[in-house]
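[1] How does the following fold in three dimensions:
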Amino acid sequence: MSTGFAGSRSMDERRRRRLASESSESLNDSSDESTSHNIARTHRFAAGQFPLRTLIFPKRWKLSLYYLPVFLCFSGFIAADIYRPQFSASGSALSEFLSLEHSPLPVYLTGALLFVSGQLSLLIGSLRTQSLHDFSGRHRLWKWVAAGIFLFAVCTTTQLHHVWASSVIELRLFDWGPHTQLLAWLIPALCIGLSISLMAYLEMRGDRAGLNFTIIAVAAYVSSLTLMLTGNLIPWEAHHLQIGAGLLFFAHWSLFTSLILHTHHLLYRSIDLPEKVPSRSRQLFANYLHRRRIKRKAKCVAKALKQKEKQSLKEIEVETKAASSDPKPSRPAKRASRSKPTPTPEAVNEVTTTPPEKRSAPSSSPKTVQTQPTGKQKPKVQKKNIRVDSGHDPELLKGLSKRERRKLQKQWREEERQRAAQQEEDWS
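    The predicted model follows:
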């Protein structure tokens, strides 16, 4: 592969697209020469990265050899400032050297740490250029992050922001009243810090450990700034210096640790574009809310079903009581009885006292014999003409389920059968 075209040194989008296309073509080719060439190229890449992989260990817990000593140094500075009256007299050179307010050692150490952090951000940017899928050139964000960290290191060691604020007041570039000296450097610092934190967040979304430490660093910087601006409202005024220094040191240490962890992530896991990892706490909270909604819906449905069953049972009981307490026959039955007159007891006796000769009439007139109604056949005729719901109001069936309607109809049928049986007994 030739690298003589324009833009090969800066690894721009054209070269990345070409590298991606050639890598896909090399995967399709299964010849022995291409495989040997790829093996040789990977060996050369590993040999070129050998010193970096020696400094950044494959196991993450070994990186504590870098960030734990820094943490111990910062905590030692704070402890020395608290206990310096016990070691030396006030006003001596040793007490001034151990104090956080007058000693230059913490300032130089924080400046050196921020400078190393800027170097790590440049290293991360160089590692991100090796991605074959970064067609948008997101690796350039790390250059801006490094520039902001270097500016922060310079301002911390040389107090350049105070010089800028005093020059603004002298030249009268801005006039914000008595807060001009503070706002002259605070507003640019906030703008630069927010932009840097947003860039780092966009690039570290795939690395959970580095992103968490970056968020902790931003929170520590914000709390240190809040303590500086509202120091009179917070108690323990005698320890405000130690608290502010501790928050600032912790923020520097968290930033340094996040960059080391992200470098480890790029070296040993993935150098491609980061993918957003879903938050575990958000997943747990969403699952809890989903289960709670399901339980609430199940309870509401069960409650509604119980109320419906109770209401239907009450209606059935009321209807059965009303039907049992009403002794009058139904109106359709009366109409049927009027349309077909009931036989008198004399006619019944005549039918029963007929001689056996007449009973054994010839087969020439079977129709007349069959058409003669008897006392046992009359209820059957009445059953055919009577409807199930003839003696009841059909409005009672409205609003009920099929099961409840069937129960009511069954009760009505049993009542009609009982009445028909009573009628048969009366006529017999």
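[2] what residues go with each domain of the protein?
    In the assignment given by automatic domain parsing, the structural domains of the chain cover 67-72+106-277, 284-353+371-427.
[3] so which of the ones you listed gets nearest Phe87?
    Ranking those by distance to Phe87, with Cβ to Cβ as the measure, places domain 67-72+106-277 first at 16.1 Å. Backbone N, C-alpha and C define where each C-beta goes, glycine included.
[4] Check this protein and tell me which residue is nearest its centre.
    Of all residues in the chain, the one closest to the mean position by Cα atoms, centre = their mean is Ala286, 3.9 Å from it.
[5] which residues of this protein score low on pLDDT?
    Low-confidence segments of the chain, defined by pLDDT under 70, are located at 1-50, 231-232, 273-279, 326-393, 428.
[6] For the longest helix along the chain, name the packing helices and strands.
    Criterion DSSP state H: the longest helix present in the chain is helix 280-325. Of the remaining helices and strands, those touching helix 280-325 by 3 or more Cβ pairs under 8 Å, 6 or more residues apart in numbering; DSSP states H and E are helix 402-427.
[7] Measure how the helix it packs on sits relative to helix 280-325, angle-wise.
    Computed by axes from the mean of the first three to the mean of the last three Cα atoms, to 10 degrees, the angle separating helix 402-427 from helix 280-325 equals 10 degrees.
[8] which stretches of the stretch 151-300 of the chain form helices?
    Shown for the stretch 151-300 of the chain, the helices assigned by DSSP state H, counting those that start in this stretch span residues 160-171, 180-203, 208-229, 240-268, 280-325.
[9] can you redo those as CSV with distance to Ala147?
    Below are the helices of the stretch 151-300 of the chain laid out as CSV (distance: least, Cβ to Cβ, whole Å):
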stretch, distance to Ala147
helix 160-171, 14
helix 180-203, 9
helix 208-229, 17
helix 240-268, 14
helix 280-325, 33
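[10] out of those helices, deepest packed?
    helix 240-268 (a mean of 21; mean count of other Cβ atoms under 10 Å).
[11] name the helices or strands packed onto that helix?
    Helix 240-268 is packed against helix 64-87, helix 105-128, helix 208-229, with contacts defined by 3+ Cβ pairs under 8 Å, 6+ apart.
[12] Could you export the ones you listed as TSV, including distance to Arg296?
    Below are the helices and strands packed on helix 240-268 laid out as TSV (distance: least, Cβ to Cβ, whole Å):
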stretch	distance to Arg296
helix 64-87	47
helix 105-128	48
helix 208-229	33
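[13] Arg413: which of these is closest?
    Proximity of the helices and strands packed on helix 240-268 to Arg413 was assessed by Cβ to Cβ; the nearest stretch is helix 208-229, lying at 73.0 Å.
[14] Point out the other elements, helices or strands, that the closest one touches.
    helix 180-203, helix 240-268.
[15] Compute the inter-axis angle for the first one and helix 208-229.
    It stands for helix 180-203. Put simply, helix 180-203 runs at 170 degrees to helix 208-229, going by the same axes, to 10 degrees.
[16] From the contact counts, what lies against helix 180-203?
    Helix 180-203 makes packing contacts with helix 141-158, helix 160-171, helix 208-229 when contacts are defined by 3+ Cβ pairs under 8 Å, 6+ apart.
[17] I would like the residues contacting it, please.
    Outside helix 180-203, the residues within contact range by Cβ atoms under 8 Å, 6 or more residues apart in numbering are 124, 128, 138, 141-142, 144-145, 148-149, 151, 161-162, 164-166, 168-169, 174, 176, 211, 214, 218, 221, 225, 258, 262, 274.
[18] please redo it, this time with the cut-off set to 7 Å
    Applying Cβ atoms under 7 Å, 6 or more residues apart in numbering, the external contacts of helix 180-203 come out as 138, 141-142, 144-145, 148, 161, 164-165, 168-169, 174, 176, 211, 214, 218, 221, 274.
[19] Any idea how far the longest helix of the chain is from the middle of the chain?
    Averaging C-alpha coordinates over helix 280-325 and over its chain gives two centres that are 28 Å apart (Cα atoms, centre = their mean, to the nearest Å).
[20] ok, now which ones touch Ile78?
    Residues touching Ile78, when contacts are defined by Cβ under 7 Å, 6+ apart, comprise 242, 245-246.
[21] Quick check: the gap between it and Pro106.
    Separation of Ile78 from Pro106 (Cβ to Cβ, to the nearest Å) stands at 9 Å.
[22] thinking again about what came up before, save the helices and strands packed on helix 180-203 as a markdown table, and put in distance to Glu404 too.
    Compiled in a markdown table, these are given as follows (distance: least, Cβ to Cβ, whole Å):
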| stretch | distance to Glu404 |
| --- | --- |
| helix 141-158 | 71 |
| helix 160-171 | 83 |
| helix 208-229 | 59 |
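[23] Select, out of those helices, the one closest to Tyr66.
    Evaluated with Cβ to Cβ, those place helix 208-229 nearest to Tyr66, the distance being 13.0 Å.
[24] what is the orientation angle of that closest one with helix 105-128?
    Relative orientation of helix 208-229 with respect to helix 105-128: 150 degrees, computed using the same axes, to 10 degrees.
[25] what angle separates helix 208-229 from helix 64-87?
    Inter-element angle recorded for helix 208-229 and helix 64-87: 30 degrees (by the same axes, to 10 degrees).
[26] chain center to helix 208-229: distance?
    Counting by Cα atoms, centre = their mean, helix 208-229 comes out at 25 Å from the chain centroid.
[27] CA atoms of that helix as CSV?
    The C-alpha trace of helix 208-229 is given here as CSV (Å, rounded to 0.1, in the frame of the first residue of the first chain):
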residue,chain,number,x,y,z
ARG,A,208,-17.2,3.2,32.0
ALA,A,209,-14.3,3.6,34.5
GLY,A,210,-12.8,6.6,32.7
LEU,A,211,-16.1,8.3,32.3
ASN,A,212,-17.0,7.8,36.0
PHE,A,213,-13.7,9.4,37.1
THR,A,214,-14.2,12.3,34.6
ILE,A,215,-17.6,13.0,36.1
ILE,A,216,-16.1,12.9,39.6
ALA,A,217,-13.4,15.4,38.5
VAL,A,218,-15.9,17.8,37.1
ALA,A,219,-18.0,17.6,40.3
ALA,A,220,-14.9,18.2,42.5
TYR,A,221,-14.0,21.3,40.4
VAL,A,222,-17.5,22.7,40.7
SER,A,223,-17.5,22.1,44.5
SER,A,224,-14.1,23.8,44.9
LEU,A,225,-15.3,26.8,42.9
THR,A,226,-18.5,26.9,45.0
LEU,A,227,-16.5,26.9,48.2
MET,A,228,-14.3,29.7,46.9
LEU,A,229,-17.3,31.9,45.9
